[in-house]
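Chemist: here are the coordinates; sequence isn't available:
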């Protein structure tokens, strides 16, 4: 017969786990509520001063709102606010899975050269008028950026399929790509006209002001398709963090899972960057914040990364509007300024649960 | 009861052959077999080959099992994971591979049972990164046992444990093998542990099988001289247990 202490231990372990899982769900719900609040604030703020009640009435009853107010809320502010959410979420998930499959805390679309490649692609269009895909001149800049980002991601992807290439080698290859594309970008900037140079600099700073509903739908659609694919592999992806040998011993085809994930991550990273320019910080820090608050069980970590990335960029969008009243600062610049102090606080207060 | 046999098993990484011609007759459920040999002899590769983690010639024959891929569980040597997971989550993760999202009470009870058996309940909600090397080995063992394998391949499972824990873990494993009819293969460097806990021993040297059979027949003065390059004697202690007494390196 089990002794009292044995029975107590059994109940305690199971119940402690249930309590831990419940706490994590509560954290995710809290973060979602914060995200909703941030989106509302993002829509309420802008160079045109409207009372919150006007903004809310335009949101919930657009037909009754004044024409100008309706256009500003529905065609300008809302696409920007939602673009911040979808782009933040995409980059954060891309960073989370890059960090997972490469087992490296520095992995992100920015540090693996995908953002730098996109910048170079955009600069090719802005400076030289070179269209990598000649069919759609109107969308030359985002298309160039997307194609270069995909090329960089696929390079990393195929390099990782080569025999004897370790995850450390892949990270080094990514860093080499960053330097290569940055050098090429500098060369283009050196050769550019004053007007083209200004355009390139603005693009590389990252901006949500060019957000449109089409871009929002597109980034949202990619998220809606890819996140469930990751969710289906939640146990296997979490197991990768126990090391390749351990994951393989649990019956996971590590090589195949890493390749599949890299392919999906390439899409997730390339599309937002091609629409909004370089926003480096979210893909790196969004997942780290999620990791610190909900751990690395992908059942919680993945939604956590989605929400943290979306929240980080949404809050940044709000800050970029209020820092200098009447002006909207480039979001790529503000992201790090907002995120770094918050990140420092989290790291120093929670060192055991960071990487 | 499950049985395992190897017929001319080998393994290679790319074009480099690292293991060849390992043959073992039927290992029966309930038995504990030591895999011994110098460093880099091919012991870990043999485990990976049996667990189908590396490819190679020969045949790994399992009989009287119907549990598919979950039959064999390999517990790797490297346990240095830095995942932000609690010990409890890492064991759950091992149990749930291939399963759905929902976690049943029975599954959690199973984890509690294993934590209790290994006397590591106090570690349950510590982070993996906070553990010592020895604690990591115990957690790694828990991760393997929660899958309830019929064949357990343990790669130096006690190398980071103190002497008390080594004895405790090996006794527990030998007892578990007997009670559950599990085949256990353990890579060991401490030959006294092999003499004490393992009915059979397989010697791997230079990527090939050098000897196999009952432990007392395999671990001999001559084998220690040829394979380990040491002068040593096997003598019974006052309790009657055979022990390796090392006189020095050759």
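Modeler: That came in fine, so what should we check first? All values derive from a computational prediction rather than experimental measurement.
Chemist: got the contact list for residue B:37?
Modeler: By Cβ atoms under 8 Å, 6 or more residues apart in numbering or on different chains, residue B:37 lies in contact with B:43, B:203, B:204, B:205, B:210, B:227. Every C-beta, even on glycine, is put in place using the N, C-alpha and C of the backbone.
Chemist: Test for you: state the pLDDT assigned to it.
Modeler: Note on residue B:37: pLDDT of 95.
Chemist: In space, what's closest to residue B:120 - neighbours in sequence excluded?
Modeler: Closest residue to residue B:120 apart from its sequence neighbours, by Cβ to Cβ, 6 or more residues apart in numbering or on different chains: residue B:138 at 5.2 Å.
Chemist: Which residues are in contact with the residue nearest the centre of chain B?
Modeler: Residue closest to the mean C-alpha point of chain B, counted by Cα atoms, centre = their mean, is residue B:154 at 1.7 Å. Counting by Cβ under 8 Å, 6+ apart, residue B:154 touches B:75, B:141, B:144, B:173, B:184, B:185, B:186, B:187.
Chemist: go with 7 Å
Modeler: Residue B:154 sits next to B:75, B:184, B:186, B:187 when contact means Cβ atoms under 7 Å, 6 or more residues apart in numbering or on different chains.
Chemist: Now residue 245: which helix or strand?
Modeler: I went with chain A, as the question did not name one. helix A:244-249 (DSSP states H and E).
Chemist: other chain: chain B
Modeler: Assigned by DSSP H and E, residue B:245 belongs to strand B:242-249.
Chemist: Pull up the pairing partners for that strand, direction included.
Modeler: The pairing partners recorded for strand B:242-249 under DSSP bridges are strand B:230-236 (antiparallel).
Chemist: Get me the contact residues on chain B for chain A.
Modeler: Within reach of chain A by Cβ under 7 Å from any Cβ of the partner chain, chain B has these residues: B:14, B:51, B:53, B:69, B:73-74, B:76, B:78, B:81-85, B:88-90, B:93-94, B:96-98, B:101, B:105, B:108-109, B:111-112, B:115-116, B:121, B:124-125, B:127, B:130.
Chemist: Make sure residue B:88 is actually in contact with residue B:111.
Modeler: Yes - under the criterion of Cβ atoms under 7 Å, residue B:88 makes contact with residue B:111 at 6.4 Å.
Chemist: mind checking how far residue A:202 is from residue A:125?
Modeler: To residue A:125, residue A:202 is 13 Å away according to Cβ to Cβ, to the nearest Å.
Chemist: Out of the two, name the residue with the larger neighbour count.
Modeler: residue A:125 (23 against 15; other Cβ atoms under 10 Å in any protein chain shown).
Chemist: secondary structure element for the residue nearest the centre of chain A?
Modeler: For chain A, the residue nearest the mean C-alpha position is residue A:91 (1.7 Å; Cα atoms, centre = their mean). Residue A:91 belongs to helix A:78-102 when assigned by DSSP H and E.
Chemist: All the helices of the stretch 101-250 of chain A, residue numbers only.
Modeler: A:114-128, A:140-161, A:167-191, A:194-205, A:213-232, A:234-240, A:244-249 (DSSP state H, counting those that start in this stretch).
Chemist: Show me which positions of the strand holding residue B:245 end up buried.
Modeler: If you call a residue buried by 16 or more other Cβ atoms under 10 Å in any protein chain shown, then strand B:242-249 has these buried ones: residue B:244.
Chemist: For the lengthiest strand in chain B, buried residues please.
Modeler: For chain B, the strand with the greatest residue count under DSSP state E is strand B:16-28. Within strand B:16-28, the residues scored as buried using 16+ other Cβ under 10 Å are B:18, B:19, B:20, B:22, B:24, B:27.
Chemist: Please apply the same query to stretch A:184-200.
Modeler: Quick answer for stretch A:184-200 (16+ other Cβ under 10 Å): A:184, A:185, A:188, A:189, A:192, A:196, A:197, A:199, A:200.
Chemist: out of the residues you listed, who's near chain B?
Modeler: Applying Cβ under 7 Å from any Cβ to the buried residues of stretch A:184-200, none is adjacent to chain B.
Chemist: Make CSV from the residues you listed and add distance to residue A:103 to it.
Modeler: As requested, these are exported to CSV (distance: Cβ to Cβ, whole Å):
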residue, distance to residue A:103
A:184, 29
A:185, 29
A:188, 35
A:189, 35
A:192, 39
A:196, 41
A:197, 39
A:199, 39
A:200, 35
